[in-house]
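> sequence and computational prediction follow.
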2 protein chains.
Amino acid sequence: MVKSVEVDLGTSTSLGSDTKIIISDEDSVQVETNQLLTGEASVVNSSGKKKKETRLGISVKKDEDFGNWYSEVCRFGELLEYYEQVKGCYILKPSAMKIWNVIRRFFDAEIEKMDVEEYYFPMFVSRGALEKEKDHIKGFAPEVAWVTRAGESDLETPIALRPTSETVIYPYLSKWIRGHRDLPLKINQWNNVVRWESSDTTPFVRSREFLWQEGHTAFATKEEAEQEVLDVLNIYSRVYEELLAVPVIKGIKSENEKFAGAFETKSIEAFIPSTGRGIQAATSHCLGQNFAQMFDITFEDKKGKRSMVWQNSWGLSTRSIGVMVMTHGDDKGVVFPPKVAPVKVVVIQVPIKGAVDDQVLCDACEAVVSTLHEAGIRAKSDTRDNYSCGWKYADQELKGAPLRIEIGPRDLANDQVRIVRRDTGAKMDVKRGDLIEQVKDLLEKIQRNLYDVAKRKLEECTQKVETWEEFEEALRQKKLILAPWCDEVEVEKDVRKRSGSDETGGGGAKTLCTPLEQPELREDTLCFASGKPAKKWSYWGRSY
Amino acid sequence: MVKSVEVDLGTSTSLGSDTKIIISDEDSVQVETNQLLTGEASVVNSSGKKKKETRLGISVKKDEDFGNWYSEVCRFGELLEYYEQVKGCYILKPSAMKIWNVIRRFFDAEIEKMDVEEYYFPMFVSRGALEKEKDHIKGFAPEVAWVTRAGESDLETPIALRPTSETVIYPYLSKWIRGHRDLPLKINQWNNVVRWESSDTTPFVRSREFLWQEGHTAFATKEEAEQEVLDVLNIYSRVYEELLAVPVIKGIKSENEKFAGAFETKSIEAFIPSTGRGIQAATSHCLGQNFAQMFDITFEDKKGKRSMVWQNSWGLSTRSIGVMVMTHGDDKGVVFPPKVAPVKVVVIQVPIKGAVDDQVLCDACEAVVSTLHEAGIRAKSDTRDNYSCGWKYADQELKGAPLRIEIGPRDLANDQVRIVRRDTGAKMDVKRGDLIEQVKDLLEKIQRNLYDVAKRKLEECTQKVETWEEFEEALRQKKLILAPWCDEVEVEKDVRKRSGSDETGGGGAKTLCTPLEQPELREDTLCFASGKPAKKWSYWGRSY
């Protein structure tokens, strides 16, 4: 039982002016804070023994130092930990794995409807197979990790760790596909891949090993393949918009930016306003017949004629978790959209000395958790008696649970609880009898609100330009730029060079995608960069 | 619509005397076979065009050439494919992944009750960490694969691929565990691991990369750790006995055979009568405080005293699928226990020329599949018209579905279906109205029967011996041997040497485990191998 709380402001590193400490009576304290409570606080518990509360909070603001903010949110929000043994690798903690499993279950259910089947192919690729498709290996070679030794012996030939599995899987498509009855063949696997990034690794977004799913499919016709590319892109878009509450843009990658070896890459792109950088959120490639030719993947059609298959490959990775954190997180920590939140509600007792025994409050908390569980809502109590309730509020806010329920003596007396929203901070008192209905309603509202806010920000950040001067100014303002383009490879390369890098090391601007939904293009519109006739509107920006 | 069937006996490699070809009228054929239909068959379909049916069947008998039988069953039963790029690696096909996912869901649900949480740690281990616990690295060093190059550059120091993750995870336990409130800490992950076996790779059972789960837990006390070792062993035992219908023996590994670095290894062991070899089915180690000492994993107890934690690690791999195939498979192919069967019922039409239009039969098959799906029973139809029903029966038997439903014109007329059991071959006619009840009942019976048959075989193979002569004879007869042992390391090594290898390359005999359930040991019992006083009964045999 907490008897009194002393907040030691002296050692706090970021206790800001928004913090109010309300001494409501001699023996109890309420802490209301709009900022994370950091540093140390001393709590005198019922045994009279003084304890130190140490809490490492977010030390920087999202708007002021995004890079460090993001790193701290990921670590202190308990999503991941940096792996010190090997740079650029990260440990995914239970919160991250729970989100990944929600995505996995959703995606598996959707692709099952498309008759995609799960396989597991080895992670080792021989040099010969890896180098078969020239564009493909050119794209991946600089990042390939090689196993050259086992035990005390050198291997006869080095073996690569898959950066992606086209070259692992396609020799088998060549074996398995004989006739038109073997098509379509649809493979998916959930696995780890390795891309030995030389610099600029970022939690979730760019790491040397990461988790993903990769789909690999083969069809008799181009039409079927192209339809599937769109179908998968739609599922990816739903993962982001419906589960992660992140708005994305569906589009086509430029020739420069498409997947190494692909015929055409479609993608969904997200945008991070704080850094003004686009981020490729997932890709769905039509590989055309490039790989079919190199790996000899052919089938006999109904008339006995031999043709090459049309192939797709598509992938979604744990990067998605990073995009979600970047989009919704705030200066207090992680903000989880309810649909993926590992814990949706945290229930905390608010003891007031002399009012009610702490155990009664704890029991009330557990009862609320039970009620929520029965209604299928993942909830947990935080009834630890070695932390103050203010400390626990900050902890819950740091870790991102969408709702907090507080139960104090007055709530007990009035047969109510206090519910606090993580996204807006709004508070409401709710009768115990209305609890489930209200919690469900609030979770839906939070899910919608997070998406709406992100969507509004995206729209506010989007700028249409038609000239190089407008483009430069918009880039300086960290905008997502929609510009008319002549669709020439050399012009994109030139823009990248001319736009230079920004103060945070973001590279030159490039196309993010050409959106599937095209604004009207006047006939006389010129390319913003080359002055040649424009062929399309494309999104441009710096990117992750 | 199949008009007539000609079975070309000339090219068949294993069409035995059990096969009956019944020409029931001029235009139709029924093939009843107790052996797999192999080789080629020609089918004249309704368009009058002759097609070749090619079916690669099991070419050897389980009792006569187990090694090749097993390889063929795995491949032709579509569980896996050999990976040609890198020896000792295998491609897991959808059937195998579906079983693995059933096991995963069951196991995840069980360990969730124990508050184990899912993490994902990187697969890369630095040399320094890997070599920290001397016994551990001694055990794994010969099989460790090393990454030495990335892109075109050599790494500063080689990096190992995890053979298991103790050395990856434990530096973080040292960081995360501070006080008694941080305990117990329970981690599980589902991942791939690499052990570069130099020889004797076997599908599922021993491969250079495999999938598993690995649990890593830390406790304040030895008692808690030891209790968990048993709790996990029980779950493993349930995976084998309840899901895979494979009887296992719970026991303790000898000093020679325990996990490298462990305090004590408990395991479940299965036995393959055809080869007379034991197979370690899953392990649950109490690591004691060995790793805690090396990795400095300590906590402050309630009294402020610093102590080392007690640790466990435990793992179950895709090897389990191989044990299941070895146990239940027969000369016709895979036999799936219903609880893990990717498809529980295959429904096939049996057309008779002139009786009913083939489409009517196909519709009846689809209707049965729908009825089964509505009852939650995974079923599929095989209404392909380019294969005879005899061929399809063989195909279903090869791939292991527990039940086959046949629907012919007579069945339609009598509002019934014919159900055939995969395990016994027994047939019964069932009224359409009783379908679900009967199918459920049969699936339960098959699950129980597979376990009972395997259990009986295990008991028949088990031999108690007390002398070296009895031991040698039992070993020659491929028995699972229960023998009194003095529990001395040197004696086990000596037995291994003296027993030599068998004709299939199985190494010398060793202890499989000392069963938790001990038969009574008379006080004057002597060790079968050394003649010294025996301390316990242990299981001995050759092993995988």
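Happy to help now that I have it.
> surely residue A:344 touches residue A:377?
Yes - assessed by CB atoms under 8 Å, residue A:344 is found in contact with residue A:377 at 5.4 Å. For every residue, glycine as well, the C-beta is placed using N, CA and C.
> shared neighbours of those two, anything?
Both residue A:344 and residue A:377 are contacted by A:439, A:443, under the criterion CB atoms under 8 Å, 6 or more residues apart in numbering or on different chains.
> when the two are compared, which one has more neighbours?
Using other CB atoms under 10 Å in any protein chain shown, the more surrounded residue of residue A:344 and residue A:377 is residue A:344, with 23 against 19.
> now for the longest helix anywhere in chain A, which elements pack on it?
When chain A is parsed with DSSP state H, its longest helix is helix A:435-461. Identification of packing neighbours for helix A:435-461 by 3 or more CB pairs under 8 Å, 6 or more residues apart in numbering or on different chains; DSSP states H and E yields helix A:319-328, helix A:358-374, strand A:403-407, strand A:416-421.
> following element in sequence after the last one, please.
Translated: strand A:416-421. Using DSSP states H and E, the helix or strand that follows strand A:416-421 in sequence is strand A:427-431.
> give me the contacts around that following strand.
Contacts of strand A:427-431 (CB under 8 Å, 6+ apart): A:411, A:414, A:415, A:416, A:417, A:418, A:419, A:420, A:421, A:438.
> in CSV, list those residues along with neighbour count and pLDDT.
Listed next are the contacts of strand A:427-431 as CSV, based on neighbours: other CB atoms under 10 Å in any protein chain shown; pLDDT from 0 to 100:
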residue, neighbour count, pLDDT
A:411, 21, 96
A:414, 12, 97
A:415, 9, 97
A:416, 18, 98
A:417, 24, 98
A:418, 17, 98
A:419, 20, 98
A:420, 19, 98
A:421, 17, 98
A:438, 16, 98
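> farthest pair within those?
The largest separation in the contacts of strand A:427-431, counting by CB to CB, is between A:415 and A:421 at 21.5 Å.
> interface residues of the stretch 351-500 of chain A facing chain B?
Counting by CB under 8 Å from any CB of the partner chain, the residues of the stretch 351-500 of chain A lying close to chain B are residue A:386.
> residue of the stretch 351-500 of chain A nearest chain B, please.
residue A:386 (7.5 Å; CB to the nearest CB).
> that residue and residue A:487, how far apart?
63 Å (CB to CB, to the nearest Å).
> repeat for residue A:277
Per CB to CB, residue A:277 is found 23 Å from residue A:487.
> who has more neighbours, these two?
Neighbour count, other CB under 10 Å: between residue A:277 and residue A:487, residue A:277 has more, with 24 against 19.
> what is the more buried one paired to in the beta sheet?
With DSSP bridges as the criterion, residue A:277 is bridged to residue A:272, residue A:542.
> over to the one 5 residues further on?
In this entry, residue A:282 is beta-bridged to residue A:268, by DSSP bridges.
> could you report the pLDDT at it?
Model confidence at residue A:282, given as pLDDT, is 98.
> neighbours of it, how many?
Using other CB under 10 Å, residue A:282 has 26 other residues around it.
> could you pull up the mean pLDDT of stretch A:137-157?
In this model, stretch A:137-157 has a mean pLDDT of 94.
> and stretch A:488-502, by the same measure?
For stretch A:488-502, mean pLDDT is 93.
> what's that stretch in contact with?
Stretch A:488-502 has contacts (CB under 8 Å, 6+ apart) with A:254-256, A:276, A:472, A:475, A:485, A:507-511, A:527, A:529-530, A:532, A:540, A:542.
> distance from stretch A:475-495 to the middle of the chain?
Relative to the chain's own centre, stretch A:475-495 is displaced by 25 Å; criterion: CA atoms, centre = their mean, to the nearest Å.
> buried ones in that stretch, by neighbour count?
Neighbour-count burial for stretch A:475-495 flags A:475, A:478-488, A:491-492, A:495 (criterion: 16 or more other CB atoms under 10 Å in any protein chain shown).
> what do you get for stretch A:188-205?
A:188-197, A:202-205.
> right, so the helices and strands packed on helix A:435-461: which one is the most enclosed?
Per residue and on average, the most neighbours among those fall to helix A:319-328, with a mean of 25 (mean count of other CB atoms under 10 Å in any protein chain shown).
> what about chain A, any weak spots by pLDDT?
Scanning chain A for pLDDT under 70 picks out the ranges A:1-56, A:505.
> which residues are in contact with residue A:182?
A:176, A:299.
> no no, residue A:78
The contact partners of residue A:78, by CB under 8 Å, 6+ apart, come to A:93, A:94, A:95, A:399.
> out of those, which sit inside helices?
Of the contacts of residue A:78, the ones assigned to helices by DSSP H are A:94, A:95, A:399.
> of those, which is the most crowded?
Busiest of the ones in helices among the contacts of residue A:78 [other CB under 10 Å] is residue A:95, holding 23 neighbours.
> go ahead and confirm that residue touches residue A:77.
Yes - at 7.3 Å, residue A:95 and residue A:77 qualify as touching, with contact defined as CB under 8 Å.
> can you pull the residues that touch both of those two?
Counting by CB under 8 Å, 6+ apart, the contacts common to residue A:95 and residue A:77 are A:334, A:399, A:400.
> what is the nearest of those residues to residue B:459?
Using CB to CB, the shared contacts of residue A:95 and residue A:77 come closest to residue B:459 at residue A:399, 53.3 Å.
> near chain B, which residues of the stretch 101-250 of chain A are found?
The stretch 101-250 of chain A has residues A:101, A:117-126, A:128-129, A:141-152, A:158-159, A:161, A:168, A:171-172, A:181, A:191-192, A:196, A:198, A:208-209, A:211 near chain B, with proximity defined as CB under 8 Å from any CB.
> lovely, talk soon.
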